[in-house]
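Peer 1: Provide a 3D model corresponding to the input given below.
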Amino acid sequence: MSRCDHCVEELCAAGAKLYERALNEGHVSAQDAAEAPCLTDFGLLHPALDDLGRLEPVAPTAALHRLLRSSAARIADERRREERLVRQFEALMRVSDTHMADTQSPILRLHSGTKPINQAITDAMAEADQEVLGIQSHSGLAGTRGRAAASAAWERDQAVLDRGARIRALYQHTLPHVPTVFGGFERLRGDIEVRGLDELPDRLFVIDRAVAFLPAADNSSLALEVRHPALITYFVTAFDRLWRLATPIYPHREHRPTVNGITPRQQAIAALLVEGHTDAVIAERLGMNIRTARDHIAKLAATLGSDSRAQLGYLIGRSGILDQEG
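Peer 2: Next comes the predicted model:
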């Protein structure tokens, strides 16, 4: 048994029983006390003057007084240590308050609820005077650019442009078929450019390369505000790489070429069909409704001469149209 397995205020069962016995009988043998060395460690038993093989108990009142005195000394030491720490850091805290109070903000902050999220983005954009980068997938259009919020969103964007800032936005290629959104771009005045991709990662806003907002939950109920320079640089780099792959949509729309009678949209659908995705998944990933997706699949099958889903996958692979994608 270790000699430091517990504290005196948590006296072990064997020790408590032996101490009580020593108090009743006036002594115990050293051999018996070997089973509870904590009693001698804590000064509750001491050797008899006339017989070292016999241990006598210290009166409980005397033991308690001594232990309390020792505890008080430890507390006093801790208080003196606290005072030294306060004195040492007081000057440092004054320096921090003077030089960092106005510039330091949380690196990461979580916003909950549609209204607080939109307000946080609006507050950040109110200071923007350089560039705003945005990625908006089809699934987020209703929540961010729906009819109820459209007017305030366009006013916010126009204010950014009026300050001389630039806006670059990535949407899916289906954007021109969403009048409530595409029509809003046509009303804006300033340096704004929109490009499209078939598939996009989740939403992202980067404002003046200083703060970014991205979803923190699948249902858009949480958003993460990021102000860490390394993360911001990563987001900007990822955006720029997607931007170079994207096709201009606004202010000048660039039509992607058809390859062997297969439209670019059908090429994107073909790639997902080969991966084995259902019609519903294809529609969601490409930002279209399921009926439109099925119409494109039917046209793709007719163009390739397919009679079944399994045959369509084979004909897509043999046609080489996926080699032309992107």
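Peer 1: now do the same contact list for residue 291.
Peer 2: Neighbour list for residue 291: empty [criterion: Cβ atoms under 8 Å, 6 or more residues apart in numbering]. Bear in mind the C-beta positions are built from the backbone N, C-alpha and C, glycine included.
Peer 1: mind listing the strands in the protein by residue range?
Peer 2: Using DSSP state E, the strands of the chain run over 28-29, 45-47, 54-57, 108-112, 131-135, 166-172, 192-197, 204-207, 211-215, 222-226, 247-250.
Peer 1: mind listing what's buried along the third one?
Peer 2: Read that as strand 54-57. 54, 55, 56, 57 (16 or more other Cβ atoms under 10 Å).
Peer 1: now find how far off-centre it is within its chain.
Peer 2: On the basis of Cα atoms, centre = their mean, to the nearest Å, strand 54-57 sits 63 Å off its chain's mean C-alpha point.
Peer 1: so what touches that strand?
Peer 2: For strand 54-57, the external contacting residues (Cβ under 8 Å, 6+ apart) are 19, 22-23, 26-30, 33, 39-40, 44-48.
Peer 1: can you give the domain ranges for this structure?
Peer 2: 8-58, 108-250, 264-324 (automatic domain parsing).
Peer 1: please produce a markdown table containing those, extended by distance to residue 74 and mean pLDDT.
Peer 2: Formatted as a markdown table, those follow (distance: least, Cβ to Cβ, whole Å; pLDDT from 0 to 100):
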| stretch | distance to residue 74 | mean pLDDT |
| --- | --- | --- |
| domain 8-58 | 13 | 82 |
| domain 108-250 | 39 | 86 |
| domain 264-324 | 64 | 82 |
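Peer 1: can you redo those domains as CSV with distance to residue 87?
Peer 2: As requested, the domains of the chain are exported to CSV (distance: least, Cβ to Cβ, whole Å):
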stretch, distance to residue 87
domain 8-58, 32
domain 108-250, 33
domain 264-324, 62
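Peer 1: and the gap between the closest residue in space to residue 198 that isn't next to it in sequence and residue 302?
Peer 2: Leaving aside its sequence neighbours, residue 198 sits nearest to residue 268 (Cβ to Cβ, 6 or more residues apart in numbering; 3.9 Å). Distance from residue 268 to residue 302, counting by Cβ to Cβ, to the nearest Å: 17 Å.
Peer 1: ok, the two, which is more surrounded?
Peer 2: Per other Cβ atoms under 10 Å, whichever of residue 268 and residue 302 has more neighbours is residue 268, with 22 against 10.
Peer 1: circling back: can you add distance to residue 156 and give the strands of the chain back as CSV?
Peer 2: Putting those into CSV (distance: least, Cβ to Cβ, whole Å) gives the following:
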stretch, distance to residue 156
strand 28-29, 84
strand 45-47, 79
strand 54-57, 81
strand 108-112, 16
strand 131-135, 10
strand 166-172, 11
strand 192-197, 13
strand 204-207, 11
strand 211-215, 13
strand 222-226, 16
strand 247-250, 18
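Peer 1: what does stretch 251-264 rub up against?
Peer 2: Residues outside stretch 251-264 that contact it (Cβ under 8 Å, 6+ apart) are 173, 176, 192-193, 198, 247-248, 267, 270, 296, 300, 303, 319-321, 324-325.
Peer 1: just to revisit the earlier point, quick check: which of the strands of the chain is nearest to residue 289?
Peer 2: Closest of the strands of the chain to residue 289 is strand 166-172, at 12.8 Å (criterion: Cβ to Cβ).
Peer 1: what distance separates that closest one from the centre of its chain?
Peer 2: On the basis of Cα atoms, centre = their mean, strand 166-172 sits 24 Å off its chain's mean C-alpha point.
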